[in-house]
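Undergrad: structure for the following, please:
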Amino acid sequence: MSGKNIALLYQALSPPVIDGLRKDGKPGGYSDGGADIAFTLQQHHRSVITPSNNPSAQVVFDWVFPDTQEGIDAALKAGATHLWLNTVLFEGHPIERVPATIYKIGQTTKGMQRFDDKFETNYLLSQRNLPVAQSYLVGEQVHAGILSLSELQKKIEQGQMSFPLVVKPVRGRGSQGVSVVHDFSHLKTTLEQLQQEQKFGSYFMVEELLEGKEITLTIMPPIKGSDRWEAHSNYWALRPVHRFNQKDYIAPYNGDTPVTENSAAISVTELQSVEMQAIVQACVKAAEIVEARAPIRIDCRANKAGIFKIFDLNMKPNMTGAGRPGREKQDCLSMISVRAEGWEFIDLLDMMIASSWR
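TA: Have a look, this model is predicted:
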């Protein structure tokens with residue numbers, strides 16, 4: 001990793017409202033994961049640029065720069081050659097103004113803004129014949145592509161959807177704002193409450209509930225080989241992770257319950273099953289379609305027949321990892337996959353550095 005001076009960015013900027021939709025920021029702006037990454041890189045003698053000359057393992061903001069113009073300029077002035085985009089990007093973000101010589105670890109602004117729209121993304125994937133959970137947009141102000149509640153009720157009465165259903169923000173984050181509704185009255189009150197809160201926007205997704213096993217897959221970008229991993233000329237999948245101990249089909253917020261307590265990598269035997277291979281191949285294809293520049297995570301669930309469908313593609317997955325004192329249980333879902341293959345956090349980080357772009 002010689003010649004690479006890496007600076008971590010965290011989310012200090014609030015994403016703009018896009019088409020009437022808002023993505024609620026994560027408390028701390030992913031600074032915890034950024035500190036995990038920077039600390040681990042430094043522990044393994046990678047060159048890390050930090051705001052503090054003597055960063056403390058317990059102080060997250062000693063390790064990460066804000067993703068503001070001032071923060072980016074400070075990182076570059078300190079000598080950063082690689083900016084780790086551990087933040088939510090959007091078109092017009094200051095990262096677009098960095099010199100062309102600077103490498104980036106993360107997604108493009110255009111790609112993240114477009115594919116952070118869960119409905120548009122799922123629609124695109126379904127148009128490419130990938131298995132995707134059925135959904136509709138529902139809102140108070142009806143226009144092209146957005147149904148009124150009464151129009152959705154007609155579709156339910158006609159058998160085009162059936163309860164239970166999932167209600168969720170179009171530009172959501174994790175399980176925030178996600179509910180399972182069991183009848184029309186429950187659906188109506190849930191949508192009304194979300195609209196009154198004005199936290200996520202003026203319309204929402206109503207999606208079929210897949211009642212079978214839930215898994216999540218981390219899809220990696222193409223990468224050159226090393227003495228620790230094979231070369232991959234195409235996108236490739238890490239071991240799927242089984243999600244369990246959910247409440248009414250919804251995973252608890254990872255800030256309350258570490259994912260290491262309700263998730264585990266599937267066995268090699270299960271990975272070879274026809275159903276699992278089919279969804280792995282579908283998720284790899286999905287990463288191709290969205291042209292991911294860094295790891296993405298795709299959540300899938302099986303229907304009653306055992307067929308898996310995609311329901312959420314995440315362009316900015318959480319990327320925390322055990323390493324800093326007191327963070328022993330903070331491996332993210334991608335790290336559960338990584339450890340199942342015999343790798344460590346530093347191996348995942350080095351793979352991500354190897355897929356940097358400019």
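Undergrad: where along the stretch 201-350 of the chain do the helices fall?
TA: 268-271, 274-290, 333-340, 345-354 (DSSP state H, counting those that start in this stretch).
Undergrad: how about the nearest residue to residue 235, chain neighbours excluded?
TA: Closest residue to residue 235 apart from its sequence neighbours, by CB to CB, 6 or more residues apart in numbering: residue 287 at 4.1 Å. All C-beta spots, glycine's among them, are computed from the backbone N, C-alpha and C.
Undergrad: repeat for residue 219
TA: residue 287 (4.0 Å).
Undergrad: let me see the contact set for that neighbour.
TA: Residue 287 makes contacts with 219, 221, 235, 296, 298, as judged by CB atoms under 8 Å, 6 or more residues apart in numbering.
Undergrad: go through these and say which is closest to residue 270.
TA: Ranked by distance to residue 270 (CB to CB), these are led by residue 298 at 17.4 Å.
Undergrad: could you check how far the closest residue in space to the closest one that isn't next to it in sequence is from residue 269?
TA: Closest residue to residue 298 apart from its sequence neighbours, by CB to CB, 6+ apart: residue 283 at 4.6 Å. According to CB to CB, to the nearest Å, residue 283 and residue 269 sit 20 Å apart.
Undergrad: okay, these two: which has more neighbours?
TA: The neighbour count for residue 283 versus residue 269, taken as other CB atoms under 10 Å, is higher for residue 283 (29 against 8).
Undergrad: now do the more buried one against residue 75, distance only.
TA: Using CB to CB, one obtains 33 Å as the distance from residue 283 to residue 75.
Undergrad: ok, residue 276 next?
TA: With distances taken as CB to CB, residue 276 is found 41 Å from residue 75.
Undergrad: show me which of the contacts of residue 287 are buried.
TA: Buried by 16 or more other CB atoms under 10 Å: 219, 221, 235, 296, 298, out of the contacts of residue 287.
Undergrad: now for the residues you listed, which pair is the farthest apart?
TA: Farthest pair in the buried ones among the contacts of residue 287, by CB to CB: 221 and 298, 13.7 Å.
Undergrad: who's in contact with stretch 100-107?
TA: 4, 6, 76, 80-87, 89, 95, 98, 292-294, 315-316, 352-353, 355-358.
Undergrad: count the residues that sit near the residue nearest to residue 244 when sequence neighbours are not counted.
TA: Nearest non-adjacent residue to residue 244, counting by CB to CB, 6+ apart: residue 262, 5.6 Å away. Residues lying near residue 262 (other CB under 10 Å) number 15.
Undergrad: repeat for residue 109
TA: 18.
Undergrad: could you measure from it over to residue 276?
TA: For residue 109, the distance to residue 276 - CB to CB - is 34 Å.
Undergrad: what of residue 87?
TA: Distance, residue 87 to residue 276, using CB to CB: 32 Å.
Undergrad: and the two? which has more neighbours close in?
TA: The neighbour comparison of residue 87 against residue 276 (other CB under 10 Å) goes to residue 87, with 29 against 20.
Undergrad: in three-state terms, label the more buried one for me.
TA: coil (DSSP: H, G, I helix; E, B strand; the rest coil).
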